[in-house]
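Q: need a 3D model of the following:
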Amino acid sequence: MPSIAIVGAGPGMGLAIARTFGANSFDVALISRNRAKLDDLVGQLKADGITAAAFPADVLDREALTQALKDAAAHFGGIDVLEYSPVGTLGTTVLTVPSETDPSHVQHEMDFQLYGAITATQAVLPAMREAGTGTLLYTTGAGSIDPVPQVGNVNAAAAALRNWVLNLHKELAGTGIQAAHIGIDVMIGDSDAVVPGIPSAPAEQISPVYWELHTNRDDAERVFSV
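A: Numbers count the residues shown, from 1 in each chain. Okay, here's the model as predicted:
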């Protein structure tokens with residue numbers, strides 16, 4: 001069975017992506033910091049008839065993230081798809097406008113978004129190269145493309161990740177490995193639960209985009225909006 005490793009797995013997008021790939025006969029490896037939350041997600045997926053397992057790791061701990069992906073590959077016999085989409089919390093993420101951004105504000109986001117993505121990629125790409133096939137998917141908000149001043153530091157790191165992914169897509173052309181970026185231009189969740197006046201969409205409506213990029217392998221980017 002093919003397998004997908006979802007880094008930053010949570011009850012929103014992570015679970016929806018897991019269900020989308022699970023419905024297409026993929027096993028699912030879930031990676032994030034909180035073991036209890038991961039175990040709950042694994043239970044939900046198993047109830048849907050999807051084979052899943054948890055591999056706790058913090059994306060800021062590069063050694064732990066690398067080991068989690070190696071453990072997932074050993075458990076499932078390889079990783080066919082990597083999806084990277086960790087989400088910060090208000091407790092860990094400081095939001096700054098460009099004129100008030102200190103280098104440290106960007107550094108945390110670079111560690112979280114770009115460097116975590118590079119670490120995860122290095123953990124799985126060699127085996128994909130050897131196999132001659134694989135998919136690498138990376139998620140940011142659409143501010144990586146059209147920045148929003150209120151989240152200037154987050155957008156700067158997200159734009160760096162997007163640039164790196166599009167360049168990776170070019171590098172891997174012709175190798176059988178797909179690398180692509182997803183920009184999400186909505187609040188994720190039910191319309192009643194998000195900010196009034198801001199477009200929203202449930203994760204289940206967004207997750208098919210990931211399957212489309214896995215199957216339409218010439219596309220380097222999709223932006224989801226409503």
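
Q: which SS state does the residue lying farthest from the centre of the chain fall under?
A: Centroid-distance maximum for the chain: residue 99 at 28.6 Å, with C-alpha atoms, centre = their mean. Secondary structure, DSSP: H, G, I helix; E, B strand; the rest coil: residue 99 is helix.

Q: just give me the neighbour total for the closest residue to residue 162 other than its chain neighbours.
A: Counting by C-beta to C-beta, 6 or more residues apart in numbering, residue 144 is the residue found nearest to residue 162 once chain neighbours are left out, at 4.3 Å. All C-beta spots, glycine's among them, are computed from the backbone N, C-alpha and C. Look at residue 144: counted by other C-beta atoms under 10 Å, it has 26 neighbours.

Q: ditto for residue 170
A: A total of 10 residues lie near residue 170 under the criterion other C-beta under 10 Å.

Q: residues contacting the host helix or strand of residue 68, please?
A: For residue 68, the host element (DSSP states H and E) is helix 62-76. The set of residues external to helix 62-76 that reach it, using C-beta atoms under 8 Å, 6 or more residues apart in numbering, is 1, 3, 5, 7, 27, 29, 31, 53, 55-59, 79, 82, 115-116, 119-120, 122-124, 127.

Q: in strands only, show me those.
A: Among the contacts of helix 62-76, DSSP state E puts 3, 5, 7, 27, 29, 31, 53, 82 in strands.

Q: quick one: residues contacting the residue farthest from the centre of the chain.
A: Contacts for residue 99 were tallied using C-beta under 8 Å, 6+ apart; there are none.

Q: what separation do you get for it and residue 141?
A: As judged by C-beta to C-beta, to the nearest Å, residue 99 and residue 141 stand 20 Å apart.

Q: now residue 122
A: 24 Å.

Q: between the two, which has more neighbouring residues?
A: Under the neighbour definition other C-beta under 10 Å, residue 122 and residue 141 were set side by side, and residue 141 has more, 20 against 13.

Q: quick check, that one in contact with residue 186.
A: No: judged on C-beta atoms under 8 Å, residue 141 makes no contact with residue 186 at a distance of 9.3 Å.

Q: just how off-centre is stretch 218-226 within its chain?
A: In terms of C-alpha atoms, centre = their mean, to the nearest Å, the centre of stretch 218-226 is set 14 Å apart from its chain centre.

Q: hmm, I was thinking of stretch 22-34
A: Offset of stretch 22-34 from its chain centre (C-alpha atoms, centre = their mean): 12 Å.

Q: for the closest residue to residue 65 other than its chain neighbours, phi and psi?
A: Excluding its sequence neighbours, the residue lying closest to residue 65 (C-beta to C-beta, 6+ apart) is residue 57, at 4.8 Å. As for residue 57, its main-chain torsions (degrees, to the nearest 10) stand at phi -170, psi 150.

Q: for residue 57, give me its contacts.
A: Counting by C-beta under 8 Å, 6+ apart, residue 57 makes contact with 31, 32, 33, 64, 65, 67, 68.

Q: ok, 6 Å please
A: When contacts are counted by C-beta atoms under 6 Å, 6 or more residues apart in numbering, residue 57 touches 31, 64, 65, 68.

Q: out of those residues, who's the most crowded?
A: residue 31 (28 neighbours).

Q: how close does it sit to residue 211?
A: From residue 31 over to residue 211 the distance is 19 Å, taken as C-beta to C-beta.

Q: which residue ranges form the strands in the chain?
A: Using DSSP E, the strands of the chain run over 3-7, 27-31, 52-54, 81-84, 134-141, 177-184, 187-188, 200-201, 221-224.
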